[in-house]
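Undergrad: sequence and predicted structure are below.
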Amino acid sequence: MPVYSIRGINVDFPFEAYPSQITYMDRVIESLQNKCHALLESPTGTGKTLCLLCATLAWRKSLGSFSTRKDRSNGDFPLTDSDPQTSQQSGGFPTIVYASRTHSQLRQVIKELKRCSYRPKMLVLGSREQLCVNEEVNSLRGKALSNACQYLCKKRGKLQCNHFNRVPEYLKHNSHIGDEPVDIEDLVNIGKGSGPCPYYITREVHKDVDILFTPYNYLISNAYRKHLKVTWSNSVLIFDEAHNLEGLCADSASFDLPSYHLSACVSEAEECVKLASSRRGSLNEGSTNPEHFAILKGLVLKLQELISKVPIPRRDEGFTKPGPYIYEMLKSLNITHETAPNLISTLEEATVLLDEKLRKGTNAGSKLEIIVDMLKLIFRENGSSHADVYRVHVQEHEQNPTDIIKGKVSRTLSWWCFNPGITMQDIANKGVGTIILTSGTLSPMDSLAQELKLDFPIRLENPHVISSNQLWAGVVSTGPSGRVLNSSYRNRDEPEYKQELGNAIVNFSRVVPDGLLVFFPSYYLMDRCIAFWKDGSHRNSMTVWERICKLKKPVIEPRDSSLFPAAMLDFSKKLQDRSISGAVFFAVCRGKVSEGLDFADGAGRAVVITGLPYAKVTDPKIKLKREFLDEQVQVSDAKLPRSALLSGSMWYSQEAARAVNQAIGRVIRHRHDYGAIIFCDDRFEQPSQQSKISLWIRPYVKCYPRYGEVISDLARFFRTERSNIPASLVNDIVSTSLPKVLTKDAPTPTAGHSSVKNDGVARNELSRLEALPPANRASPSECGGSSVKWKGLTILQRKGKMPRIVKAEGMQACSSVKAKLVELSDEETTCEVVDLECDKQTCETETLAASSGNCFNTMGLVKKRKVPESQGSGSSSVSKEKGSGGGGGDKKEATASAFLSQVKEKLNAEEYNKFIGYMQALKKKETNLATVMQSIVQLFCGKERDHLLIGFKDFVPVKYRPAYEQCIKTTKRDAL
């Protein structure tokens with residue numbers, strides 16, 4: 001394992017690091033050593049997570065041994081099973097807290113940790129919903145589950161949760177928990193059956209770890225954060241996937257209280273009055289006073305009435321007041337800093353009372369919890385000074401029929417935080433040493449730093465590890481008919497614009513192989529465009545939608561997040577469908593598709609951005625945010641120039657740019673990946689817009705004045721890239737992907753257990769069996785029986801063997817015409833057969849005439865001689881050459897035998913073995929035609945071997961002979 005010395009720290013890295021990875025680790029260690037904050041952007045696929053873990057843990061280990069048993073035995077700590085781990089045993093070293101948005105992302109981080117050589121004491125935190133193994137309560141959700149858990153843990157004797165009471169004994173004999181990387185699933189497996197409670201194991205063990213993995217909300221929510229037993233002084237906080245952190249911080253400090261929630265709270269308070277009255281007088285319910293709940297009901301009714309009487313002159317604007325106005329509203333209900341604690345206590349008592357009833361019937365939580373969270377947010381421990389960065393807003397909504405009959409008004413009371421920095425400042429004020437924010441798309445960084453109100457002296461915008469030929473990026477300002485593409489408000493509803501955009505996407509669907517992702521600025525525009533494309537009333541020919549569907553099967557991102565998994569499953573299935581050339585996913589910037597999903601390889605060969613995703617300018621929250629920032633600029637410190645401060649318009653523009661960067665990040669997912677980014681809006685030609693694109697993409701962006709150039713360049717890009725796949729990667733593809741996808745004995749992937757990434761890889765890598773294929777694939781159809789037509793290939797499944805592939809030029813459907821097998825000597829040949837299974841008894845002559853030809857077969861060289869029974873030819877020998885009588889195969893073998901004799905005569909034994917090796921490697925799909933031609937030319941170069949170069953040309957298909965001749969010229973010129 002390589003070791004890199006970075007700023008005096010020896011970093012063990014699992015692989016040879018790229019320069020960009022070393023730079024990234026250098027910035028991480030610099031921030032840790034200087035105890036300052038950092039913004040680090042590194043594109044997806046550059047090994048960001050692995051670099052972050054290795055650099056951070058190497059720095060931590062340089063301070064002293066980890067807290068694991070292994071490190072303590074080699075270090076300063078005594079090793080005994082009975083000794084409890086204490087914070088003193090950790091040596092006072094800083095704790096590392098690694099946060100990401102979701103547990104699925106943390107699962108990937110822990111996989112990367114397993115690849116490291118470092119083994120710190122670690123733990124991953126989860127909620128009761130994820131960790132509870134008690135079958136009595138784990139079907140509940142939210143606060144109902146928490147209350148039920150606490151209720152059972154407080155019981156005594158047999159009524160107590162049997163998982164909870166096993167925790168102390170388990171930890172006493174298993175102090176090694178966390179010494180090796182463990183995930184949520186590992187912790188749950190510990191508690192299954194009659195084991196200890198995984199949730200309370202984490203509650204105890206997390207106090208003394210070296211690195212703690214946690215979702216964002218455990219840090220940015222004050223209610224969660226105060227339960228963490230972490231020594232914050234000099235600690236290190238890492239926020240991965242931090243591109244939306246400021247939005248999450250603001251949302252966590254805000255609330256929305258719709259009128260229907262208040263109505264539910266009134267009903268729940270009334271239910272509490274009944275429950276308390278029925279239990280009054282019992283021995284164990286003396287503390288339950290129904291009068292408290294009657295007062296609670298009255299307060300909620302008054303709050304509902306107060307909101308309904310707020311004057312709203314215009315529905316679209318709503319009612320807005322400064323943040324401190326919330327205290328005036330609540331004071332009229334006698335809710336103040338002095339009375340709020342008692343009211344919160346009554347509310348919490350009511351939720352516990354309701355949950356005891358709910359456990360018997362439903363798994364839904366109490367709506368009174370919303371009032372609890374609201375009051376805790378308003379009446380914070382540090383007074384009301386934070387209210388200045390808030391705005392009170394009351395919005396009126398369309399009334400439903402029930403509200404109209406009852407005469408009710410549907411409104412929402414909101415208290416919005418417009419300074420996400422208050423959350424980060426709360427964290428920083430605890431004495432945290434370093435805060436690192438990292439993501440693949442942090443740009444633009446200035447706005448992010450100003451929003452979070454922290455100083456980030458260390459910043460990095462890393463390049464990608466891919467080479468320049470793996471990415472195509474272009475601005476398409478006009479469509480096929482020359483009309484300008486611009487999705488601004490004044491153009492987006494024009495029929496001409498929607499028609500032009502649709503025609504452009506049809507052409508992209510033709511050129512881009514496999515998966516195509518199309519991102520719209522909003523759901524509104526996506527819905528309008530798709531509806532227009534489906535409408536055939538204005539055209540006599542095929543609609544735009546029908547033309548798209550003929551090329552790629554469409555999937556549309558649903559608005560309802562609960563339907564999103566089904567949409568992803570549908571996309572996965574359509575990618576596997578070989579009756580058509582891929583699938584297209586119509587999605588929205590800031591939607592689910594643009595956030596964190598892995599469309600690697602063939603699942604996402606190109607991303608189309610149809611416009612700039614500006615937020616709705618009339619949205620009250622957006623409008624108030626812009627006004628708030630403009631006010632901050634006006635009252636800012638005179639020491640800073642106003643141009644350096646974040647104004648409302650700057651924030652508005654940069655939020656759109658960050659959404660674009662997040663969407664285009666779907667296209668390149670690892671160092672071997674390749675793809676295209678297509679900006680279909682002429683506003684991307686502006687330097688001000690291009691400057692907001694991620695730094696690693698900017699050098700590749702080219703503006704195209706004519707649409708025709710776009711299509712020709714894209715076609716050339718995909719044709720070139722699909723012929724430049726590394727030989728080692730192709731070998732992996734043939735040995736792994738093909739059997740899983742095609743062989744009869746291997747299980748066929750189903751949508752239920754396959755990911756988009758794997759489906760895309762399998763589909764894409766099958767396409768790589770063709771060297772130098774055209775970008776525009778013919779629309780194939782399925783063959784009957786056990787054969788499938790796809791991309792000009794007929795794939796024949798054979799029991800116990802690798803599949804057989806038949807390549808046909810203009811072949812008709814298998815059901816109508818039987819495939820003919822002919823010699824592949826020139827462009828007039830009709831069909832070719834590729835047998836992926838190598839015959840061990842093949843002689844050297846067959847290696848060239850059949851085997852090597854077979855390897856070249858998808859390029860049209862020579863072919864295998866056996867005919868599968870499913871072809872129905874009734875003959876086991878090769879069909880005759882066109883225009884000849886018989887013995888075509890014998891003549892070809894004789895020619896190959898004569899050429900091999902010449903090769904053997906002019907080459908020494910080592911060179912001859914190399915030549916045969918090249919042929920065999922190509923036969924086994926371990927390399928491609930371009931690589932073989934280059935190697936052969938280098939081998940045959942020399943005055944006495946020119947005739948070999950000329951002779952080998954006869955075995956190269958006619959259409960690839962110019963490339964072969966150019967290879968000869970280049971090699972000879974370089975040799976001079």
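TA: Great, that's in hand.
Undergrad: contacts and neighbour counts: CA atoms only from here.
TA: Noted.
Undergrad: just name the shakiest helix or strand of this structure by mean pLDDT.
TA: The weakest-scoring helix or strand in the chain, judged by mean pLDDT, DSSP states H and E, is helix 738-742 (a mean of 31).
Undergrad: where in the stretch 651-800 of the chain is pLDDT low?
TA: The stretch 651-800 of the chain contains residues with pLDDT under 70 at 722-800.
Undergrad: quick check, residue 421 in contact with residue 453.
TA: Yes. Because the distance of 4.9 Å satisfies CA atoms under 8 Å, residue 421 is recorded as touching residue 453.
Undergrad: quick one: residues contacting the spatially closest residue to residue 553 that is not a sequence neighbour.
TA: Nearest-residue entry for residue 553: residue 583, 4.5 Å, with adjacent residues in sequence omitted and distances by CA to CA, 6 or more residues apart in numbering. For residue 583, the residues meeting the contact criterion (CA atoms under 8 Å, 6 or more residues apart in numbering) are 514, 515, 516, 552, 553, 554, 555, 571, 574, 575.
Undergrad: burial of the first one, as a residue count?
TA: Residues lying near residue 514 (other CA atoms under 10 Å) number 27.
Undergrad: got it, and the third one?
TA: Residue 516 sits with 28 neighbouring residues when counted by other CA under 10 Å.
Undergrad: kindly report the same for the last one.
TA: The burial metric for residue 575, expressed as a neighbour count using other CA under 10 Å, is 27.
Undergrad: that one and residue 516 touch, don't they?
TA: No. No contact is recorded between residue 575 and residue 516 when judged using CA under 8 Å, the distance being 10.1 Å.
Undergrad: what sits in contact with each of those two?
TA: By CA under 8 Å, 6+ apart, residue 575 and residue 516 have these common neighbours: 582, 583, 603.
Undergrad: checking the last one next. Helix, strand or coil?
TA: What it means is residue 603. For residue 603, the assignment made with DSSP: H, G, I helix; E, B strand; the rest coil gives helix.
Undergrad: which stretches in the stretch 501-650 of the chain count as strands?
TA: 515-520, 553-556, 583-588, 606-609 (DSSP state E, counting those that start in this stretch).
Undergrad: go ahead and name everything in contact with the first one.
TA: Spelled out, it's strand 515-520. Strand 515-520 is contacted from outside by 509, 526, 575, 582-589, 602-611, 613, 663, 760, using CA under 8 Å, 6+ apart.
Undergrad: kindly indicate which of the shared contacts of residue 575 and residue 516 lies nearest residue 315.
TA: Taking CA to CA as the measure, residue 315 sits nearest to residue 583 out of the shared contacts of residue 575 and residue 516, at 42.2 Å.
Undergrad: next one: residue 263 relative to residue 271, how far apart?
TA: Residue 263 sits 13 Å away from residue 271 when distances are taken as CA to CA, to the nearest Å.
Undergrad: between those two, which is the more surrounded one?
TA: Under the neighbour definition other CA under 10 Å, residue 263 and residue 271 were set side by side, and residue 271 has more, 18 against 14.
Undergrad: and the more buried one, what helix or strand is that in?
TA: Assignment of secondary structure by DSSP states H and E places residue 271 within helix 259-279.
Undergrad: ok so, going back, next one, pLDDT for the residue nearest to residue 553 please.
TA: The model reports residue 583 with a pLDDT of 92.
Undergrad: quick check: bridge partners of it?
TA: With DSSP bridges applied, residue 583 shows beta-bridge pairing to residue 515, residue 553.
Undergrad: quick one, which of the strands of the stretch 501-650 of the chain gets closest to residue 59.
TA: With CA to CA as the measure, strand 606-609 is the member of the strands of the stretch 501-650 of the chain nearest residue 59 (38.6 Å).
Undergrad: for that closest one, which strands pair with it and how are they oriented?
TA: The pairing partners recorded for strand 606-609 under DSSP bridges are strand 515-520 (parallel), strand 675-679 (parallel).
Undergrad: pull the distance from that strand to the chain's centre.
TA: 15 Å (CA atoms, centre = their mean, to the nearest Å).
Undergrad: residue closest to the middle of the protein?
TA: A centroid search over the chain (CA atoms, centre = their mean) returns residue 597, at 2.2 Å, as the residue closest to the centre.
Undergrad: quick check: closest non-adjacent residue to that one.
TA: residue 666 (7.2 Å).
Undergrad: roughly how far does that neighbour sit from residue 552?
TA: The gap separating residue 666 from residue 552 is 19 Å, by CA to CA.
Undergrad: where does the stretch 501-650 of the chain dip in pLDDT?
TA: Flagging of the stretch 501-650 of the chain using pLDDT under 70 yields the residue ranges 537-540, 596, 637-644.
Undergrad: and the stretch 151-300 of the chain, by the same measure?
TA: Per-residue confidence of the stretch 151-300 of the chain (counting by pLDDT under 70) places the weak regions at 157, 280-287.
Undergrad: need the nearest residue in space to residue 708, chain neighbours excluded.
TA: Excluding its sequence neighbours, the residue lying closest to residue 708 (CA to CA, 6+ apart) is residue 480, at 7.2 Å.
Undergrad: how many residues are close by the one you found?
TA: Using other CA under 10 Å: residue 480 sits among 18 other residues.
Undergrad: what do you get for the one 10 residues further on?
TA: By the measure other CA under 10 Å, the count of residues near residue 490 is 8.
Undergrad: how about it, phi and psi?
TA: Dihedral angles of residue 490 (phi, psi; degrees, to the nearest 10) stand at phi -80, psi -20.
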